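> From the sequence below, what's the structure:
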Amino acid sequence: MINPDKDDPSPPPLRGSQRQRIELGDLDMRIARDGTWLYQGSPINRPPLVKLFASVLHREADGSYWLVTPAERGRVVVEDAPFVAVAVDREGSGRDQRLIFRTNLDEIVTAGLQHKLRVETAADGAPSPYIMVRPGLEARLLRPVFYELVEWGEEEAVGGERQFGVWSGGLFFRLGEIADLEED
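Alright, predicted model coming up:
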């Protein structure tokens, strides 16, 4: 007799007119820190295929990443962030400016309420800047992109504290600490 929980080779039961999504577990797919997508350790060199996978990438509340289609779902390992911001353009200036980022997969996002810019600082003081691309999915800014932001940055008083950052979409995004230059 077939154990319906283990040995049943038939498709999952239908729910209304839709099938239950099949859980595939780990897909042996990884997104490297530099934005390269790998399958079984080899780079996926077809950009349209990578863009297709990226279009169904989701992040769960526990921080795990999954490729999710109506039929299947499988886990993907992400070393840092699933995307990399490779360029930034600026429209306008000051508080009215808009910072427009392009990712390694040609997605365009403008820093603002829906696409927040944030900078994490490592124990050694090195900055790791990110921008939200889609809910739960960020792009790490390449170093030249971050340096461009720093060049455009300005000092601003926020909550009674001096901060260094940039404006975009009517919001001020902190880029880092302002060194205390006062002498003893």
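> Roughly how far does L49 sit from R30?
Taking Cβ to Cβ, to the nearest Å as the measure, L49 falls 15 Å from R30. (Glycine included, C-beta is placed from N, CA and C.)
> Which one's more surrounded, the two?
Ranked by neighbour count (other Cβ atoms under 10 Å), L49 and R30 place R30 first, with 16 against 12.
> That one pairs with what?
On the basis of DSSP bridges, R30 is bridged to L38, V77.
> how far out from the middle of the chain is stretch 111-126?
Put simply, stretch 111-126 sits 12 Å off its chain's centre (Cα atoms, centre = their mean, to the nearest Å).
> Outline the domain layout of the protein.
The chain breaks down by automatic domain parsing into domains covering 19-78, 83-176.
> mind checking the SS state of F53?
helix (DSSP: H, G, I helix; E, B strand; the rest coil).
> quick one: least confident helix or strand in this protein?
Least confident helix or strand, the chain: strand 14-15 with a mean of 49, by mean pLDDT, DSSP states H and E.
> Any stretches of the chain with poor pLDDT?
Residue ranges of the chain with pLDDT under 70: 1-18, 178-184.
> Look up phi and psi at the closest residue to K51 other than its chain neighbours.
The shortest distance from K51 to any non-neighbouring residue, by Cβ to Cβ, 6 or more residues apart in numbering, is to L105 (5.4 Å). Here is the backbone geometry of L105 (degrees, to the nearest 10): phi -110, psi 20.
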